[in-house]
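Asks: okay, sequence plus prediction incoming.
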Amino acid sequence: MSLSAALNTAVIGLQTLQQQTRIVSGNVANAQNPNYSRKVTTLTSPVAEGLPQAALISQITRVAAPEIQQDLYRITADYGQLDRQLNYTKELAETLDATNTTGEQPTLLAMMTRFEDAWKTLEATPEDTATRSLVVQRGMELAAEIRRLNSLQSELQTRAQEHLTTDVQIVNEAALQIAKLNVQITSQLAGNNPIGDLEDLRDQEVAKLADKIGIRTVVNDRGELFVYTDGGVQVVGTVAQQFEYQATGIPPGIFLQGGTDNLNQGFLNGSIRASLNYLDNTAAGLASADPNVAVLSKYFNQLDSFAANLVTVVNTAYGANFFNYSAALAAPPDEAGKIVVDPALVATPANVNPAVAGTVQQAMRNTTLTAAQINRSATDPNGLTITSVNIFGLINGVLAYHARMASDNESGRDTAERQQHTLDQKLRNLTGVNIDDELAQLQVLQNNYAALANVMNTVTAMFDELVNIGR
């Protein structure tokens, strides 16, 4: 090899080492960045006149683990669904005071007990008009609490609809960014430029989708990433799809913007699925054995059942209307929103009949409700499986139902969170930066740089000698 060729080889080698050092330095600088994937260089050694030349960087790629990443997307969607389900069921349980840890009775049960105690007191002191007023007062308080809980339906529904609207907006924005990055990546690939940083940015946008919807991703030979839901709905293709939540649809749900086809069945996982399940009021949803489907409708059907059975038990034992037993309370829907103490008794509490006080109190404890009474309508079911309980057993069953749902969802959410953390750590171990490995690589590059510098110094010295000889 001539001195000129040796010098040229050393210069090119130093340039290659400089590029490699820049890549490794970038890895080190991003060692704590959870959205960064390690970048690696691939070298090629061209041959000229049968002799190997200085190594060149043929490509710069990022380290990826697509199978683990897909698993991470799946468990992230599970976590998103369970976390949203937990929020909903905790909200309902807390509304009922079903999960209080004070040691006191939940509010509704405590009001039932006070109502019963007022009847006991009236039985013991039938001549006391103040106690008759207390019976009416306790009845009014109980009825008012049932109506208050029932009045929350619109608020709870609106809140869930807002969650859905926000989630859909996040999906739309991420889809647009993914489509935009697809164009940039395709352009960079066509120019044989590195795309690792753009792919990292694209993965960040995909991650925004993961806990909202269950996703599958496919990358074509042009570098474009297509995103589909687990149910087969395309989110990103050659362009980004844009969705909207229509609260007034039949049934309400997810639609393409401007479209008429309901896409609910295409969203099988994630927080969007949890919200769709929560708001489901279809016959199929109400009949579902999954307690997280049609949760809101079942909740208010349970309140209706409690209100209607309370009215029936008390009024039957009283022998007249203590509660205002209208036709609206005799059959669904919205019994809980209409329960009141009979207006005549409210106006004149002294007219409460003390002779039946013991009968009323005993009926509240001894009247056994059948399954048909608890689930009062085949078309308006409430998900309760309890039977052969009194009116106290019914409200205890409702409280236990929602406390158990919150507990089960919390357990499931915590399990999914641990699995998500494990998979994320596994992915980071494979694709993230190991600072020790990178520093070792820097040491190798430094040694190589020093060796090539010596070659250049030696060749330069030889050139000087040749020039001196020529003189």
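Replies: Perfect, I can see it now.

Asks: residue boundaries of the strands in this protein?
Replies: Under the criterion DSSP state E, the chain contains strands at 39-44, 47-48, 51-52, 56-62, 215-219, 225-229, 234-236, 243-246, 253-256.

Asks: tell me which of those sits most buried.
Replies: Ranked by mean neighbour count under mean count of other CB atoms under 10 Å, the strands of the chain are led by strand 234-236, which reaches a mean of 23. Using the backbone N, CA and C atoms, a C-beta is placed for each residue, glycine as well.

Asks: related to what we said a few turns ago, could the strands of the chain go into CSV alongside distance to T379 and mean pLDDT?
Replies: Compiled in CSV, the strands of the chain are given as follows (distance: least, CB to CB, whole Å; pLDDT from 0 to 100):
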stretch, distance to T379, mean pLDDT
strand 39-44, 61, 82
strand 47-48, 81, 68
strand 51-52, 82, 65
strand 56-62, 56, 82
strand 215-219, 36, 95
strand 225-229, 31, 97
strand 234-236, 36, 97
strand 243-246, 24, 95
strand 253-256, 21, 95
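
Asks: nearest to K180 among the ones you listed would be which one?
Replies: Closest of those to K180 is strand 234-236, at 10.2 Å (criterion: CB to CB).

Asks: now do the closest one: everything it contacts.
Replies: Residues outside strand 234-236 that contact it (CB atoms under 8 Å, 6 or more residues apart in numbering) are 171, 175, 178-179, 182, 209, 213, 215, 225-229, 241.

Asks: residue ranges with poor pLDDT in the stretch 51-200 of the chain?
Replies: Applying pLDDT under 70 to the stretch 51-200 of the chain picks out residues 51-54.

Asks: mind listing the helices for it?
Replies: For the stretch 51-200 of the chain, applying DSSP state H, counting those that start in this stretch gives helices covering 66-95, 107-124, 129-151, 153-190, 196-210.

Asks: with distance to A118 as extra columns, can I get the strands of the chain in JSON lines?
Replies: Shown next, in JSON lines, are those (distance: least, CB to CB, whole Å):
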{"stretch": "strand 39-44", "distance to A118": "75"}
{"stretch": "strand 47-48", "distance to A118": "101"}
{"stretch": "strand 51-52", "distance to A118": "100"}
{"stretch": "strand 56-62", "distance to A118": "72"}
{"stretch": "strand 215-219", "distance to A118": "57"}
{"stretch": "strand 225-229", "distance to A118": "56"}
{"stretch": "strand 234-236", "distance to A118": "59"}
{"stretch": "strand 243-246", "distance to A118": "47"}
{"stretch": "strand 253-256", "distance to A118": "47"}
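
Asks: nearest to L189, of those?
Replies: It's strand 56-62; of these, that one is closest to L189 (CB to CB) at 10.4 Å.

Asks: could you export the closest one as PDB, CA atoms only?
Replies: Presented in PDB, the C-alpha positions along strand 56-62 are these (Å, rounded to 0.1, in the frame of the first residue of the first chain):
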ATOM      1  CA  LEU A  56     -17.300   2.900   6.700                       C
ATOM      2  CA  ILE A  57     -20.700   3.200   8.400                       C
ATOM      3  CA  SER A  58     -23.300   1.600   6.200                       C
ATOM      4  CA  GLN A  59     -26.300   2.400   8.400                       C
ATOM      5  CA  ILE A  60     -27.300   3.600  11.800                       C
ATOM      6  CA  THR A  61     -30.200   1.700  13.300                       C
ATOM      7  CA  ARG A  62     -31.900   1.500  16.600                       C
END
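
Asks: by contact count, what packs against that strand?
Replies: On a contact count with 3 or more CB pairs under 8 Å, 6 or more residues apart in numbering; DSSP states H and E, strand 56-62 meets helix 3-29, strand 39-44, helix 196-210.

Asks: parallel or antiparallel, which strands does that strand pair with?
Replies: strand 39-44 (antiparallel) (DSSP bridges).

Asks: run the chain-centre distance for the strand it pairs with.
Replies: Between the centre of strand 39-44 and the centre of its chain there are 39 Å (CA atoms, centre = their mean, to the nearest Å).

Asks: which residues are in contact with it?
Replies: Contacts of strand 39-44 (CB under 8 Å, 6+ apart): 16, 19-20, 23, 26-27, 55-63, 194, 196.

Asks: wait, L399 sits on L96?
Replies: Yes. Using CB atoms under 8 Å, L399 is in contact with L96, at 5.9 Å.

Asks: which neighbours do those two have in common?
Replies: The contact sets of L399 and L96 overlap at P106, L108 (CB under 8 Å, 6+ apart).

Asks: would you agree Q302 is in contact with T385?
Replies: No. Counting by CB under 8 Å, Q302 does not reach T385; the two are 11.8 Å apart.

Asks: before we move on, back to that, of all the helices of the stretch 51-200 of the chain, which one is nearest L263?
Replies: With CB to CB as the criterion, L263 lies closest to helix 153-190 of those, at 10.7 Å.

Asks: elements contacting the closest one?
Replies: Judged by 3+ CB pairs under 8 Å, 6+ apart, helix 153-190 is in contact with helix 66-95, helix 196-210, strand 225-229, strand 234-236, strand 243-246, helix 270-279, helix 295-318.

Asks: tell me which of the ones you listed sits most buried.
Replies: Most buried among those, counting by mean count of other CB under 10 Å: helix 270-279, with a mean of 26.

Asks: contacting residues around it?
Replies: By CB under 8 Å, 6+ apart, helix 270-279 touches 77, 80-85, 88, 157, 160-161, 163-164, 167-168, 171, 210-214, 252-254, 264, 267, 285, 290, 292-296.

Asks: now do that helix, average pLDDT.
Replies: Here helix 270-279 scores 97 as its mean pLDDT.

Asks: how far does that helix sit from the chain's center?
Replies: Centroid separation for helix 270-279 versus its chain: 8 Å, with CA atoms, centre = their mean.

Asks: just the angle between that helix and strand 225-229, please?
Replies: Per axes from the mean of the first three to the mean of the last three CA atoms, to 10 degrees, the angle that helix 270-279 makes with strand 225-229 is 20 degrees.

Asks: stretch 400-419: which residues count as buried?
Replies: Residues 401-403, 405-406, 408-410, 412-413, 416-417, 419 are the ones in stretch 400-419 that count as buried (16 or more other CB atoms under 10 Å).

Asks: list of residues touching it?
Replies: Stretch 400-419 is contacted by residues 75, 78-79, 82-83, 85-86, 89-90, 92-93, 96, 98-99, 291-292, 295, 299, 302, 383-384 when judged by CB under 8 Å, 6+ apart.
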